[in-house]
Every structure is written in structure tokens, then in C-alpha cells.
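Asks: Prediction below, plus the sequence it came from.
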Amino acid sequence: MINNLVIVESPAKAKTIEKILGKDFQVRSSMGHIRDLLKNEISIDIKNRFKPQYIVPPDKKKVVSELKEVVRKAKTVWLASDEDREGEAIAWHLSEVLNLDPEKTKRIVFHEITKEAIDDAIKNPRSINQDLVNAQQARRVLDRIVGYELSPVLWKKIKPSLSAGRVQSVAVRLIVEREREIINFKSTSSFKVNALFYVNDKSGKSYQLKAELNNKFPDRKKALEFLSHCKTADFSIENILKKPARKSPSPPFTTSTLQQEASRKLNFSVAQTMTVAQRLYEAGKITYMRTDSVNLATTALDAASNVIEKTFGEQYSNRKNYKTKSKGAQEAHEAIRPTHLDKETITGNATEKKLYELIWKRTIASQMSDAQLERTTVTIAISNATEKFIAEGEVLKFDGFLKVYFESSDEEPEEDVSGLLPPIEKGMPLACLNIVATERFTHNPPRYTEASLVKKLEELGIGRPSTYAPTISTIQQRGYVMKEDRPGRERKYTQIILENKTIKEDTKTEITGAEKSKLFPDNIGMIVNDFLVEYFNNILDYNFTASVEKEFDEIATGNLNWFEMIGKFYKPFHEKVNKTLAKSAVNKGERKLGTDPETGKPVLVRMGRFGAVVQIGELSDSEKPRYASLRKGQNLESITLEEALELFRLPRTIGKFEDKDIIVSIGRFGPYILHNSTFYSLNKNTDDPYSVTAGRAIEIIQEKRLRDEKKVLRTFQEDAELSILNGRWGPYIKYKKENYKIPKTSDPSTITYEECLALIKDAPSRKKKKK
DNA sequence: CAGTGAGCGAGCTTCCGCTTGACTT
């Protein structure tokens, strides 16, 4: 017999709580939800008040049967799932599925895993809040209806296997709309002016002073005019203004801010951050990693002040708790923090260490004093112009939290972060070393990274900490968006320099628009988005989630009936679905570009079976059209006739080598040379497939042959098909076109033929092809 | 992995949120 059985959601949590509660309590976990709608049908009885049909999914059968077993032996069952909508629903499903006797069942909640919080919870049990459960059912049913009615419309009108949903479709919309802003962005340029002065102090020591003009010039002519004025000008210090300033630390991490900082500081993908955090959590090193709360437990606040006072001194400590401001936060947990704040670092692999240290620093910094600065602004007068040069300096008076941590920003850093200023006084004349007017271009809005998309979704109140990473992976899996690097392009800019009373002009080159790990919409993402925005603009509205959340809150407080709310939504929505199915045309994103100057035939672009395609001519009995795939980065909606025709110039035969044709083309891995049925990649940066010569192609072929020779470490007389090769991850066995690992226990330089065969035989069977 | 793009029809796809492994690479 068990006196008390506590059920929580996570096994790691169960372990910790069991330690706190002691012998009288057994703690088990449900591993999240244990019941859900059927997967392959809508599973909602629309006509019968939207009654959901729940089942225990196959992967939860084991957990449920184990729970049933312990429940039978338990005197009292404590349902301790999280204190939010989903948690309440989990408690309710548990009580239904496990057939719990209300007399013996108690619902408790705690948002900190500390002895006080848990003891307190045990002293204040309640019963399940059915209103809150109904709010969850409404959320679940709404998402199912939206997802399972919209997706099939896409299958019929655009392409099979596509998907749409309240969260993912808005995520795609953000990326598509941002891309269009970028496509339509017209960059303008203006001239900013920087000057370098120097001053001598009393001892004759010389210092430099950098300053920027408080005015920009719209064109080259105006900039030149100003510079020629400066030729004869005198410069002097007109004013020195000192102002104190403060910087405050950021609150401790939530899921979304952790994902953002790990992306900026550690280059982690959103998914990677979550996997590493999960390991830290399971090892008991950090608190729960899926949270929207910035709250810290009192024990954590105590521990933090302790660490800060001991390490840095009392003046660095500034104990405070932060308020969550994000929309729709449910605050079931603490912020993400180290469980033991006195541990600045941990044992573990490199990624675990880095993420832990980031969390430690952020948590500690959040409890530290503001940094105090003194900002100095120096105004420099020009004797024959009304413009002023401005020099800025910043002195750190007290570092405070900056001793430990500084939050990064998504914005590109401004150049010339001001530092210490030389000793200067008001009225002092300045000598001018040079004045430079540089042409600067306005920037298009930035593309989203995974992490900045999460930030935006959180701001809109769309999605939850547990779904940010999966959502981002879904929209990539569907082919709506891609995470990619793009090379920048060269851009010329003008620089005008005044030095030694003479003006020189220079044209320089810079690289602009290079992107790393940014989210780009694919053509199919744009087509699906436009379709959904046209026919289902209410669902795609950025405020849709926020407005249904308000109604869920009404349901949770008992002021609104859940199936009536769903009914009101369903009727017009379902009608719209039917209307769209009946009237909208099949949408392939087709666009006519013009006519082919060679043949006079029409040129059009559209989505084909394998992606976006250009087509010359119409399909008829007598003739097949010519086709060419669009390349990475080309969009159906922005490709020009010239760019489209260019695509037909490949593949081209550029000559012969060893009596075989050399053919150049572009495949899915970029430009390549095909020679004697072997492929050779062209260097994307230096070789252009449209202009590469036979001579260069032969060079590439021979380089590759040489590399391949070095790749073979050993061969065996017994069997020509077996060899040991040197690969990216070190030596491996290649046998009949399949690769096999060499275990660390064997030495690749001495391993025998028989040992290789044995390894091949014991190798685990290859997995099926990834989709 | 280096191409592909006819038409028909059968059978399949899909949501969001709560959780962890069981799998390769």
C-alpha cells in the first residue's frame, strides 16, 4: 500500500520532488498529456456540441498502464500538473483515464520546486477547475478545426501534404511579408562626414579626437561643397556636456530569451538550445527550460545575493524580482536558472558548459546593480558653417552587472563606439587632420533568424514555449521557408577626403547584403501564404490568437460556454472553407513573363512537380515546351524575363578532355562539371558556370583526382571492393558502395581484411531514406 | 545526388501543446 501518490508532468521533476517529500510519498510522471484527439480524423462531433473524441495515443499506453497499476495501490492521489490551462487539462484527463475516486483525489499546484512551496501546496489542495479544463478543450478543438479543415483545402488547390494552422501560417506570413519588404526596398544614399582632430595638452603631448558631423548630405555635390568650405575653416570646442547614465541588467531567461541569446552569443539553433537545455535540466543543473516566466524563487534570490556579495561585494548586489510582460504568459514555472547558483560552471560537454554559463551569468547579472556611466558630448564649431561636429565619450563610473554579463542585440552595431576623450577645455582651438565624407546607404529591414522569429511570435502572443522550436522546424519541413546563407554583392560607394587642404575623391567597393542562417520564404510558402491571406484573412490576422485567447480567458473564469464560443467561430469558418473549395481556382503561382525573342513563344513561370519552373511554349499535341528549374534565391514573383531565359543556357558542352565531353550545369548542390559520368563541383565563389573555360575545367578535374588519390588510405589484395578511406570524420571502411564505421578500439592502419569483414557483418542495418 | 515537367486514379497527407526517449549521423 502507498499512502500518497503524486503525479507530475516530467520525470526529472518527479525525482526532485520525491527527495523533498520523503518516504510517505511516491512520485510518478505522466510525461505530458496522456490523451488526445485521434490523429487521422477530425475526431470532434461537430453536431453534438463539438464533443471531442479522445484516445490514449499508442506512445502513451505504457505510461497509462503503469499509472493505473500504482493508482490501485494508493490511498490518496495528488494531481500536481502545472498550474495553467494545459496542466489543468492533464489533471482532468488523468482523473478520467485512471478512473480516480474524487474522495481520494486532490489537485495541487506549485510553481517553484522548493520545500516551502511544496509543503504549502500539500496543505492547500483543491479540486479540478472544470472551467479551466474547458478553456483548454476550446483551445484544442479550435486548433484542430483550423488545421484539419484548412490543410485539405491546400491539398486540393495547391499541392498535397501541405499544412496550415493558427501558429505556423502566421509564422510563414511574417517571413513572406518581410521578404517582400526587402524586395521592394529602395536603398537611398547620403553622405555622412567624419573628422579627425588633434589637440596638444600642456606638456605638448598630442591626442586624437574623432567626431561626426550633425548633418548628412543628400548627394555628392552638397558634400563637396561642405568640404571645400572646411578647407579654410577654423575649428574650436564650443561646448562640453557631461551627463550621468545608467544601464540596467536584463531579467533572467525565459525559453524565448534563452533561444535568442544562445543564437546571438553561441550560434545555437533554436532546436539545439532546447536539446542542450533539456540535458542540463535532466541532470538537475537548471530549472525547467520551457517557461514564459521571469520569476525567481525566494531561495534563488537568497542564493544569488549570497554569491554576488561574496564574489563582488555588497555594492554589486541589487535583489529584485521581475514582472513578465509578454502577452498570454501562463507563469506555471520559474525563470530558467541554475539550480545551484554557487556553481559558476559545470562538468559536461562543451555545448552544455557554454549554455550553463550563459544561464548562470544572466541569472546572477539580473540580481546585480545598475552600471553607472558618464556620457560626454563635445560640440565643435566650424568658423564658416552652421553645422557642428560632435564627439562623444563614455566613461564607466561603476560597472555593476556589466562585470558579469551584457545582452547582445539583433541590430547591427553602430561603428565607432565611443571611448575615452582626450583632455580638452571649452574654447580650445582644434587642428584638423582630415575630414572624410562617405556615401552610406539605407538598410533594408533585416530577415528573420530562427530566434528573432520566436521573439516576434512571442510578442504577438502566438505559440508557447514548448512549441517555438517545433513550429520553426515544421515550416521548414513543409518547404515554406528555408534557413540559408547568401553571399553578399559588391557595391560601389564614393568617398571624399579633405587632407592637407586638398580634396580627393575615391570610388570604393564594399560587400553588402550577405546573410547567415536567415529565414527565406520559398516559392511554395509565398503561394500558400497569399492563398490563405486572400481566403482566410481572419485566421492569418496577427491578432487572431490574441482575440481567441481573450475568449479562452472568459471560458476559464466561467463567463463563457466553450462549445458556444467554438460554434460561433465554426459556422462562418466552415462556410468559407466550402466556398473556397467550390470557387477558388487551382493556384500554381503562374505568371507570364513575355515572349522568347528567339522563337516568339510565350515564357511563363509556375510551380511544377519539382518546384518552381520556367516554361517556353505551350503544351500541345505537336510540341513539348522547354523547361528549366528556377535557382535558389529566385522567386516566381520577382524573376525577370532575362533571368528566366538565362536559365536555358545550361547545360552547355564546353570542350573535350580525354576524348569525352565536358559539360557544365547547375544541380541541387550548385554548379558542376560532368565528365566521363563523374561529377566535379565548381567553386561557387570563383568559377562561373556560364563563362568557365575548358582549360579551367580540366584543372578542376585533375585537382579532384589528386584529392581522391590521397583519400585512399589502404586497399586489400583479397578484395578490390574493400578499402579504407579518409573522410570528414576520419578513417572509415568502404565496401561495395556502402560505408562502415571503424570503432575506436581498432587501429585503421593495422586492421586486417577479416576484421573489416566482421565489422561489416555486424554493422547495424542502414536506415530508410530520410524524407 | 547532378534530372525531372502527360494524364488518370487510389491512397495518403494535416493542427497545437504537454512530455521524453528511440532512433541515426
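Replies: Arrived safely, thanks for sending. Numbering: from 1, shown residues only, chains lettered A, B, ... in the order given.
Asks: Report the closest residue of the stretch 451-600 of chain A relative to DNA strand B.
Replies: Going by Cβ to the nearest atom of the strand, DNA strand B is nearest to residue A:464 of the stretch 451-600 of chain A, at 2.9 Å. The C-beta positions use only the backbone N, C-alpha and C, and glycine is treated the same way.
Asks: Name the SS class of that residue, please.
Replies: coil (DSSP: H, G, I helix; E, B strand; the rest coil).
Asks: pretty sure it is touching residue A:327, no?
Replies: No: the pair formed by residue A:464 and residue A:327 falls short of the contact definition of Cβ atoms under 8 Å, at 11.5 Å.
Asks: So for those two, which sits in the more crowded spot?
Replies: Between residue A:464 and residue A:327, counting by other Cβ atoms under 10 Å, residue A:464 is the more crowded of the two (20 against 14).
Asks: and the more buried one, backbone torsions?
Replies: Per-residue torsions, residue A:464: phi -130, psi 160 (degrees, to the nearest 10).
Asks: Not including adjacent chain positions, what is the nearest residue to the residue of the stretch 651-771 of chain A found nearest DNA strand B?
Replies: Residue of the stretch 651-771 of chain A nearest DNA strand B, by Cβ to the nearest atom of the strand: residue A:667 (2.9 Å). Nearest residue to residue A:667, sequence neighbours excluded (Cβ to Cβ, 6 or more residues apart in numbering): residue A:679, at 7.8 Å.
Asks: Return the set of buried residues in the helix or strand hosting the one you found.
Replies: Assigned by DSSP states H and E, residue A:679 belongs to strand A:678-681. Buried residues in strand A:678-681, counted by 16 or more other Cβ atoms under 10 Å: residue A:680.
Asks: With adjacent residues omitted, what lies nearest to the closest residue to DNA strand B within the stretch 151-300 of chain A?
Replies: In the stretch 151-300 of chain A, the residue found nearest to DNA strand B is residue A:165; the distance is 1.8 Å by Cβ to the nearest atom of the strand. Excluding the flanking residues, the one nearest residue A:165 by Cβ to Cβ, 6+ apart is residue A:147, at 4.4 Å.
Asks: With residue A:558 as the reference, measure out to that neighbour.
Replies: To residue A:558, residue A:147 is 28 Å away according to Cβ to Cβ, to the nearest Å.
Asks: Residues of the stretch 451-600 of chain A that sit close to DNA strand B?
Replies: Selection of the stretch 451-600 of chain A residues close to DNA strand B by Cβ under 7 Å from any atom of the strand yields A:462-467, A:470-471, A:474, A:478.
Asks: ok, back up a step: show me what the residue nearest to residue A:667 is bridged to.
Replies: Beta-bridge pairing for residue A:679 (DSSP bridges): residue A:674.
Asks: who's in contact with it?
Replies: Contact partners of residue A:679, counting by Cβ atoms under 8 Å, 6 or more residues apart in numbering, are A:667, A:672-673.
Asks: got JSON lines for those, with pLDDT and neighbour count too?
Replies: Shown next, in JSON lines, are the contacts of residue A:679 (pLDDT from 0 to 100; neighbours: other Cβ atoms under 10 Å):
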{"residue": "A:667", "pLDDT": "73", "neighbour count": "13"}
{"residue": "A:672", "pLDDT": "85", "neighbour count": "20"}
{"residue": "A:673", "pLDDT": "87", "neighbour count": "25"}
